[in-house]
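Q: Here is a sequence together with a model predicted from it:
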Amino acid sequence: MVASEVRVVDSSIHIKTKVISKNPIQLRHLGPKQNAPPGNSFDSMTSSGILYLVSGPSGSGKTTLCRRLALEGLAHYSTSCTTRTPREGEVNGRDYYFLTVPEFQEEIANEAFLEHAEVHGNFYGTLLSEVLTFLDQGKDVVMDIDVQGAEQVRLHPNEKIQQALLDLFVMPATDEELELRLRGRGTDPEDVIALRLKNAREEVEHWPKYSYRLLSTDKESDYTLFKNLLLTQRLHTSRQKD
Ligand SMILES: Nc1nc2c(ncn2[C@@H]2O[C@H](COP(=O)(O)OP(=O)(O)O)[C@@H](O)[C@H]2O)c(=O)[nH]1
Ligand SMILES: Nc1ncnc2c1ncn2[C@@H]1O[C@H](COP(=O)(O)OP(=O)(O)O)[C@@H](O)[C@H]1O
């Protein structure tokens, strides 16, 4: 049984009353993930893995970049939880764990999230288990995360997470290009596209908080830079084993 009440203030969820959860949701068994095929190791040479945060407005190309990095076996792609409706072709447990609002609240109460936020009218959150398990094994983790969530991760008290951080903001050079990509993707109705374009204007203001920014051009060039940033970080002496 779940007894809870959620109050939304400043775009983040705050639990107002005590939540009683007897049956926490088992999220890790929900389905195959879009990660490395068996045998294709995504181990890095680091003593603890890198936590690669990728933010940017909707349509900037984050999913395309993160998915390819995972498919090439270079990082674990953290599957987020969300309360948004699945798009056509999206698979539960691969693209997202699609939760109801009460289920999402329950995970907050269970302290299962590394971070969570409201974005474009839906809730999104990263499970601690999607991150720590892999970092502990020296594997790199890539996360598609909005600007509020990235800020929460930057302020997180866990030292391992702090040491692991690498953050990148991706944005196309013009508003027109962003709109073309959002429309070209063909996944969202007009009102959803309009909201995302409106929010993009505020989101791009946050890029100076990130250590790196990628001004997106074509897919191939973007991916080369995206991948090389991770590979270069692995060379940093602070990240290497004795
Ligand atoms: N805070 C947070 N944001 C997330 C998470 N997963 C996805 N997002 C962000 O939620 C926003 C919307 O994602 P989505 O609905 O998949 O749409 P898309 O960005 O157009 O592909 C994007 O800004 C994502 O970066 C998460 O686990 N935590
Ligand atoms: N560099 C690029 N140039 C042109 N189109 C791109 C580029 N990167 C991604 N796209 C396309 O733009 C659309 C949005 O990309 P997506 O990865 O879903 O963005 P996001 O995850 O940031 O919302 C998709 O149709 C994708 O194929």
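A: Arrived safely, thanks for sending. Here the structure is a predicted model, which means the values were calculated and not measured. Ligands and ions are numbered 1, 2, ... in the order given.

Q: Indicate the residue of this structure located nearest to ligand 1.
A: Minimum separation of the chain from ligand 1 (Cβ to the nearest ligand atom) falls at residue 149, amounting to 2.4 Å. (Glycine included, C-beta is placed from N, CA and C.)

Q: sec struct for that residue, please.
A: Classification of residue 149 using DSSP: H, G, I helix; E, B strand; the rest coil returns helix.

Q: switch to numbering from 492
A: That works, and once the first residue is 492, the last one we named lands at residue 640.

Q: Pull the number of nearby residues for it.
A: 24 (other Cβ atoms under 10 Å).

Q: That one contacts residue 604, correct?
A: No - here residue 640 does not reach residue 604: they are 9.4 Å apart, not a contact under Cβ atoms under 8 Å.

Q: Now do the shared contacts for those two.
A: Both residue 640 and residue 604 are in contact with 616, 617, where contact means Cβ atoms under 8 Å, 6 or more residues apart in numbering.

Q: Okay, strands next: where are they in the chain?
A: 497-500, 503-506, 542-546, 567-568, 572-573, 588-589, 604-610, 613-618, 632-635, 656-663, 703-707 (DSSP state E).

Q: Could you tell me the model confidence score at the residue of the chain closest to ligand 1?
A: pLDDT recorded at residue 640 is 98.

Q: Near ligand 1, which residues of the chain are found?
A: 546, 549-550, 553-554, 571, 575, 606, 608, 610-611, 615-617, 635-637, 639-640 (Cβ under 6 Å from any ligand atom).

Q: switch the cut-off to 5 Å
A: Neighbours of ligand 1 within the chain, by Cβ under 5 Å from any ligand atom: 549, 571, 608, 610, 615, 617, 635, 636, 637, 640.

Q: what stretches of this protein score poorly on pLDDT?
A: Scanning the chain with the threshold set as pLDDT under 70 gives 492-537.

Q: Return the residues in contact with the nearest residue to residue 716 once chain neighbours are set aside.
A: Of all residues beyond its chain neighbours, the one nearest residue 716 is residue 705 (5.8 Å), with distances taken as Cβ to Cβ, 6 or more residues apart in numbering. Contact analysis of residue 705 by Cβ under 8 Å, 6+ apart lists 659, 660, 661, 662, 713, 716, 717.

Q: Check residue 712 too.
A: Going by Cβ under 8 Å, 6+ apart, the list of residues near residue 712 is empty.

Q: Can you tell me the centre-most residue of this structure?
A: residue 635 (2.6 Å; Cα atoms, centre = their mean).

Q: Leaving out sequence neighbours, find the closest residue to that one.
A: Using Cβ to Cβ, 6+ apart, the closest residue to residue 635 is residue 553 (4.7 Å).

Q: Could you report the neighbour count for the one you found?
A: Neighbours of residue 553 (other Cβ under 10 Å): 24.

Q: do the same with residue 732
A: Residues near residue 732, counting by other Cβ under 10 Å: 8.

Q: mind listing what the residue nearest to it when sequence neighbours are not counted touches?
A: Setting aside the residues directly before and after it, residue 732 is nearest to residue 538 in space (Cβ to Cβ, 6+ apart), at 4.8 Å. Residues near residue 538 by Cβ under 8 Å, 6+ apart: 629, 730, 731, 732.
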